[in-house]
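**Q** Provided below are the primary sequence and the corresponding predicted coordinates.
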Protein chains: 2
Amino acid sequence: MKKLEELLETLKPSIQKFTTISGTPTALYEPISYILGLGGKRIRPAMVLASYKLYKDQISEEAIELAEVVEMFHNFTLMHDDILDGADLRRGQQTVHKKWDEPTAILSGDLLQILVYQKLSKIGNIAILDLFSSMAVELCEGQMDDMQFETMDNVKNEAYIEMIRQKTAVLLGFSLKAGAMLAGASTNESDDLYDLGIAIGLSFQLMDDYLDSFGEKAKVGKRIGGDILEKKKTYLWNEMWSSLNPTEQQQINEAYKLSEEETIQFVKSKMKETKASNATLELAQYYTNTSLNLLADLEFPNDKSYLEEIVQILSGRES
Amino acid sequence: MKKLEELLETLKPSIQKFTTISGTPTALYEPISYILGLGGKRIRPAMVLASYKLYKDQISEEAIELAEVVEMFHNFTLMHDDILDGADLRRGQQTVHKKWDEPTAILSGDLLQILVYQKLSKIGNIAILDLFSSMAVELCEGQMDDMQFETMDNVKNEAYIEMIRQKTAVLLGFSLKAGAMLAGASTNESDDLYDLGIAIGLSFQLMDDYLDSFGEKAKVGKRIGGDILEKKKTYLWNEMWSSLNPTEQQQINEAYKLSEEETIQFVKSKMKETKASNATLELAQYYTNTSLNLLADLEFPNDKSYLEEIVQILSGRES
């Protein structure tokens, strides 16, 4: 992770700054510094800088601002999504609406979203601003689809992939594309980087879904089997479900009367039997390969090893 | 209202357009067209156009877009504020989080806010974009103060005025200032119009508070006495409360054990006895006079009668 660490070192002053953001009334600003201070890999801002560095040797003040934009926006989505999902914990700490209350989490999130746009307009690049808004619209659409899928029995694979593209991948696509645009890349070049971000995002989300059921708790950093208990309609679930006959589907539903641990074990065994687990890994691998091939084909003025390392990390090969 | 009607006529196609906004998933877009279709005076977009017309004879496409921005943003704040306030009704219809649910109202509101910025970046004026974000930050701050005041016994008048300046007046200030900026007004001119918007906003909010207790239901369009039942810490309430001795304050608290109608009547009688009702009217009148004097002193290339009529309407002199 040498390359990533170098980028994160560049981001340190920003992270320090935006985790200590303050204003009046304090009750409005505290949740913002709180959620931004909870940590995380900071992979999105690193992607902005990695993309920028493909074209420029020195990272500019504006590139740092753009990196801050994506991290702040990501945390805005987390603050509101945690309300939507009724989540109590985020990175092992209380979510904002649990630590404070829902009105505070709604309003602080709204403010954070405004601060994001304030920073974007300071950068002053209208094309990036437009790209950001289009991305943000898609992200809301993906989030709504995700909520609606919860109440459905089964979701078609195409619909699931489209949902994670909007909910997860477009922000990664934006991070790479906008970083390149800011550095003066051509439309074709920045479009290619957008496609790369999308492929990385799909691979990352599919691996994330897989590890939620088949990862090791210590590595994943959260309880294994959460998606199964919520009957989350992931690719992994849908592949299993569509391979089962009505009797077997009934068995799955019955398994939810067992203890949580037994439910998880039973569903996992069905995911393996139906080869849904393999299919998920294979699709994640497909998108990782797409990413690596795209990256290999692209030519840039500068070193692309920063970006290569990020692809490796997000595809779960290195952590 | 001849002048205002003329402006609203200009806005008709926009209003038609944004009350039928659609997209996928529909569950995300329907609440937006719903709330924008609930009506209202559309006074904020009319203020943008009135201000623009001070400098330009013909209303441009961009001026219309800017008018749409303020109406959409206003409705975004309503959608989220209704969750914060736990309000069931908005303009006699179900609020979004009641008709759908809270997650939908949060997410549709977030999308509406993004659509606002998308429109702003289409207009492409960075100074207006910055002004908008600063205004929106203040509006969030005012909303948080308003929530925090609810749990306080008494609020100082200066704090209350500052709160309504942020929560209500800055959007009117923005509407006038941004309309003028778009029309090419100088910094001094547009600053004067901002001040005018603030004075109009303060006058409007104080009258609104007064009418909530002392208006006629038919005219006000909602139940009289709602603020009293919520013990809302308005200027009207605070003026009364600070004039009462502890025994009388105790009497007020006791009155809340009576029927709602009796509570309202008792508190209103105390508001009259302490002259809090008069003081509120006088302060509203003071800000109306400030508005009218400001407007009389300012000189513009074009007719200012549009703006004069709006000041009259918002100060409650004409409806």
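**A** Happy to help now that I have it.
**Q** give me phi/psi at residue A:42?
**A** Main-chain torsions, residue A:42, degrees, to the nearest 10: phi 60, psi 40.
**Q** any weak-confidence spans in the stretch 151-300 of chain A?
**A** Applying pLDDT under 70 to the stretch 151-300 of chain A flags residues A:218, A:220-221.
**Q** a strand runs through residue A:58, doesn't it?
**A** No: secondary structure of residue A:58 (DSSP: H, G, I helix; E, B strand; the rest coil): coil, not part of a strand.
**Q** Chain B contacts on the stretch 51-200 of chain A?
**A** Within reach of chain B by C-beta under 8 Å from any C-beta of the partner chain, the stretch 51-200 of chain A has these residues: A:80, A:83-84, A:102-104, A:106-107, A:109-111, A:113-115, A:117-118, A:121-122, A:124, A:126, A:129-130, A:133-134, A:136-137, A:140-141, A:143-145, A:147-148. Yep, even glycine has a C-beta here, placed from its N, CA and C like the rest.
**Q** what about burial for those, which qualify?
**A** Among those, those classed as buried by neighbour count (16 or more other C-beta atoms under 10 Å in any protein chain shown) are A:80, A:83-84, A:103-104, A:106-107, A:109-111, A:113-115, A:117-118, A:121, A:126, A:129, A:133, A:136-137, A:140-141, A:143-145, A:147-148.
**Q** Check which helix or strand residue A:80 maps to.
**A** helix A:61-85 (DSSP states H and E).
**Q** The host helix or strand of residue A:50 vs helix A:61-85, what angle?
**A** Using DSSP H and E, residue A:50 sits within helix A:43-52. Between the axes of helix A:43-52 and helix A:61-85, defined by axes from the mean of the first three to the mean of the last three C-alpha atoms, to 10 degrees, the angle is 150 degrees.
**Q** what's the burial count for residue A:259?
**A** Residues near residue A:259, counting by other C-beta atoms under 10 Å in any protein chain shown, number 8.
**Q** looking at it, residue A:313 is touching residue A:47, isn't it?
**A** No: counting by C-beta atoms under 8 Å, residue A:313 stays clear of residue A:47, with 10.5 Å between them.
**Q** more neighbours, these two?
**A** A direct count of neighbours by other C-beta under 10 Å for residue A:313 and residue A:47 places residue A:47 higher, at 32 against 19.
**Q** The more buried one reaches residue A:173, doesn't it?
**A** No: Residue A:47 is beyond contact range of residue A:173, at 9.6 Å (criterion: C-beta under 8 Å).
**Q** residues shared between the contacts of those two?
**A** Both residue A:47 and residue A:173 are in contact with residue A:197, where contact means C-beta atoms under 8 Å, 6 or more residues apart in numbering or on different chains.
**Q** From the rest of the structure, what touches the helix holding residue A:50?
**A** A:3-4, A:7-8, A:10-11, A:14, A:59-60, A:63-64, A:66-68, A:70-71, A:74, A:171-172, A:175-180, A:182-183, A:193, A:197, A:306-307, A:310, A:313-314.
**Q** out of those, which are buried?
**A** Using 16+ other C-beta under 10 Å, the buried ones in the contacts of helix A:43-52 are A:3-4, A:7-8, A:10-11, A:14, A:59, A:63-64, A:66-68, A:70-71, A:74, A:171-172, A:175-180, A:182-183, A:193, A:197, A:306-307, A:310, A:313-314.
**Q** What ranges does the stretch 51-200 of chain A have for its strands?
**A** Assigned strands in the stretch 51-200 of chain A, in chain order: A:89-90, A:93-94 (criterion: DSSP state E, counting those that start in this stretch).
**Q** got the ones you listed as TSV, with distance to residue A:219 columns?
**A** Shown next, in TSV, are those (distance: least, C-beta to C-beta, whole Å):
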stretch	distance to residue A:219
strand A:89-90	18
strand A:93-94	19
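**Q** Which of these sits closest to residue B:22?
**A** strand A:89-90 (33.5 Å; C-beta to C-beta).
**Q** strand partners of that closest one, parallel vs antiparallel please.
**A** Sheet pairing for strand A:89-90, assigned by DSSP bridges, gives strand A:93-94 (antiparallel).
**Q** how far is the partner strand from where the chain is centred?
**A** Put simply, strand A:93-94 sits 19 Å off its chain's centre (C-alpha atoms, centre = their mean, to the nearest Å).
**Q** as a whole number, average confidence for it?
**A** Strand A:93-94 comes out with an average pLDDT of 93.
**Q** for stretch A:18-25, same thing?
**A** Per-residue pLDDT over stretch A:18-25 has a mean of 88.
**Q** circling back: would you convert the strands of the stretch 51-200 of chain A into CSV that also reports mean neighbour count?
**A** CSV is the format used below for those (neighbours: other C-beta atoms under 10 Å in any protein chain shown):
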stretch, mean neighbour count
strand A:89-90, 16
strand A:93-94, 15
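**Q** so which of these gets nearest residue A:165?
**A** strand A:89-90 (23.4 Å).
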